[in-house]
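Novice: take a look and give me a structure for this.
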Amino acid sequence: MFRNRATKIVATLGPASSTETVIESLHQSGADVFRLNFSHGTDDDHRVRLEAIRRIEARKSTPIGVLLDLQGPKLRVSTFESGRAELTCGQMFVFDQVATPGNAERVCLPHPEIFAAANENDVLLVNDGLLRFRITKVTSTHLTTEVLTGGIISDRKGVNVPCAVLPLPPLTEKDRRDLTFGLELGVDWVALSFVQRPEDLHEARELIGGRAKLLAKIEKPTAVQQIAEIIEAADAIMIARGDLGVELPAEEVPAIQKRIVRLCREAGKPVIVATQMLESMVHSASPTRAEASDVATAVYDGADAVMLSAESASGQHPIEAVSMMNRILERTESDPSHRELMHAVAPRARATTTDAIGAAIRTVTGILPVSATITYTTSGATALCVARERPASPILSLTPSLGVARQLALSWGVSSYQVADATDVEDMVSKASSAANAVGIVAQEKPVLVAAGIPFGTPGSTNLLRIVWPVSQVTQP
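Specialist: Alright, predicted model coming up:
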């Protein structure tokens with residue numbers, strides 16, 4: 001299925017989108033990658049959804065990406081005598097490690113790593129930041145705090161400690177089990193939650209062993225401080241603005257989003273803008289104007305993908321949410337100022353053959369009426385090289401690997417298909433031209449560009465660019 005847009009849509013599956021009929025409708029409406037959120041649902045739930053995706057993929061003859069999103073370490077308070085307590089601004093409240101139900105004066109916080117990392121005057125957040133506490137005294141078993149923002153605190157609400165780097169393992173035992181299960185199912189991407197440092201990616205990378213690509217979710221201030229190093233260590237980035245907006249002032253998030261998108265484009269790695277993009281469509285059949293503008297901003301910045309969470313997983317209008325996002329993307333990309341704004345922060349070419357080819361493609365597509373840029377790749381590197389430059393033509397990626405084709409479903413402007421190995425350059429050009437005609441993106445009297453690496457099968461060796469004109473053009477004197 002060839003999309004009339006370059007920015008991709010990631011749709012989360014859940015109770016509202018579990019049947020094969022609904023999943024197929026989501027794909028038909030615009031979803032390019034499906035997210036399996038392992039914070040919710042059972043193994044059987046995820047297996048059924050993935051098997052449905054693969055059947056749809058076979059019917060549509062279009063590679064569909066699947067993203068496994070690991071839960072990560074969840075920090076929560078324990079329980080209360082009455083299930084909840086009401087706290088007032090200015091009162092003292094204690095977090096301790098005493099395993100008894102809490103009250104309006106104290107509650108158990110069963111995470112010794114927080115006590116080890118916390119300092120006086122650090123701010124502690126509960127329930128997505130709705131309650132705020134300033135730590136006034138720290139011991140190995142007690143955090144005495146002053147309530148800065150009061151309200152109702154209840155059983156097992158989440159806890160955030162934005163000022164501290166917590167000595168948490170990047171993968172919990174649940175994550176390891178989920179990762180093993182997901183890799184056995186054949187997921188294409190693995191998202192690691194609550195990344196704090198580039199080192200957090202090492203264990204997951206080793207366990208994955210090349211069977212999937214690794215994505216780092218940016219939702220901690222400590223990750224923002226080392227974002228360049230994390231981008232280098234990961235295969236892709238997700239800007240998870242929900243948790244990031246809890247731990248940072250809301251006014252800082254837009255600038256951070258733009259900076260991360262720019263750095264990912266510079267590195268040539270896919271970047272997803274996520275969380276609350278069309279949040280009102282969880283209940284409403286249409287988004288707010290502000291939400292539509294939020295999605296459009298990510299498109300103007302050149303993000304690879306935008307993501308729906310509760311909107312498609314548990315909302316009342318999952319198909320309408322995907323359709324709406326698809327329309328916003330298409331309309332924004334048709335804006336005459338879209339390319340100008342997107343290229344206002346164009347990535348700088350590095351002194352490599354691969355980058356030189358990518359820069360040349362961007363120049364040629366800006367001069368000639370190119371129907372499509374066709375890449376032939378075994379690892380996906382050539383397609384990513386071309387996508388990095390955001391050329392003014394569709395990108396058709398041909399690869400002998402179905403896994404690579406599915407992974408590229410996340411990349412800006414890339415429509416990827418599995419084809420047989422090419423034997424030589426002429427065979428590659430022939431396969432490229434045939435595929436472009438089959439997809440229907442070749443216009444009469446317009447050339448296509450073909451990019452590849454020679455010798456074939458050598459990852460990262462993009463060194464060939466060929467302009468292929470229609471036969472009628474070539475035979476003219």
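Novice: neighbours of the residue lying closest to Pro369 once chain neighbours are set aside, how many?
Specialist: Distance criterion Cβ to Cβ, 6 or more residues apart in numbering; nearest residue to Pro369, sequence neighbours excluded, is Lys446 at 4.9 Å. Where you see a C-beta, it was placed from the backbone N, CA and C, and this is true even at glycine. Neighbour count of Lys446, defined by other Cβ atoms under 10 Å: 16.
Novice: pLDDT wise, what is Thr458 at?
Specialist: What the model reports for Thr458 is a pLDDT of 66.
Novice: look up how far Ala436 lies from the residue nearest to Pro369.
Specialist: Using Cβ to Cβ, to the nearest Å, Lys446 is found at 11 Å from Ala436.
Novice: okay, and for the stretch 351-477 of the chain, where does confidence drop off?
Specialist: 442-444, 456-461, 471-477 (pLDDT under 70).
Novice: do that again at 90, thanks
Specialist: Along the stretch 351-477 of the chain, the model assigns pLDDT under 90 to residues 351-359, 366, 371-372, 376-378, 382, 417, 419-448, 450-464, 466, 468-477.
Novice: where do the strands of it begin and end?
Specialist: Here the stretch 351-477 of the chain has its strands, by DSSP state E, counting those that start in this stretch, at 372-376, 395-399, 414-418, 448-453, 462-468.
Novice: return the most buried member of the ones you listed.
Specialist: Highest mean neighbour count of those: strand 372-376, a mean of 29 (counted as mean count of other Cβ atoms under 10 Å).
Novice: what packs against that strand?
Specialist: Other elements packing on strand 372-376 under the criterion 3 or more Cβ pairs under 8 Å, 6 or more residues apart in numbering; DSSP states H and E are helix 381-388, strand 395-399, helix 425-439, strand 448-453.
Novice: any chance of the ones you listed in CSV, with distance to Arg339 too?
Specialist: What follows is these, written out as CSV (distance: least, Cβ to Cβ, whole Å):
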stretch, distance to Arg339
helix 381-388, 14
strand 395-399, 15
helix 425-439, 22
strand 448-453, 17
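Novice: can you pull out the helices in the stretch 51-200 of the chain?
Specialist: 112-117, 173-185 (DSSP state H, counting those that start in this stretch).
Novice: go through the ones you listed and find the least confident stretch.
Specialist: helix 112-117 (a mean of 93).
Novice: what sits in contact with each of Lys446 and Ala436?
Specialist: In terms of Cβ atoms under 8 Å, 6 or more residues apart in numbering, Lys446 and Ala436 are both contacted by the residues Ser371.
Novice: quick one: which of the strands of the stretch 351-477 of the chain is nearest Glu146?
Specialist: Ranking these by proximity to Glu146 (Cβ to Cβ) places strand 414-418 first, at 52.0 Å.
Novice: just checking: what are the partner strands of that closest one?
Specialist: Here strand 414-418 is paired, per DSSP bridges, with strand 395-399 (parallel).
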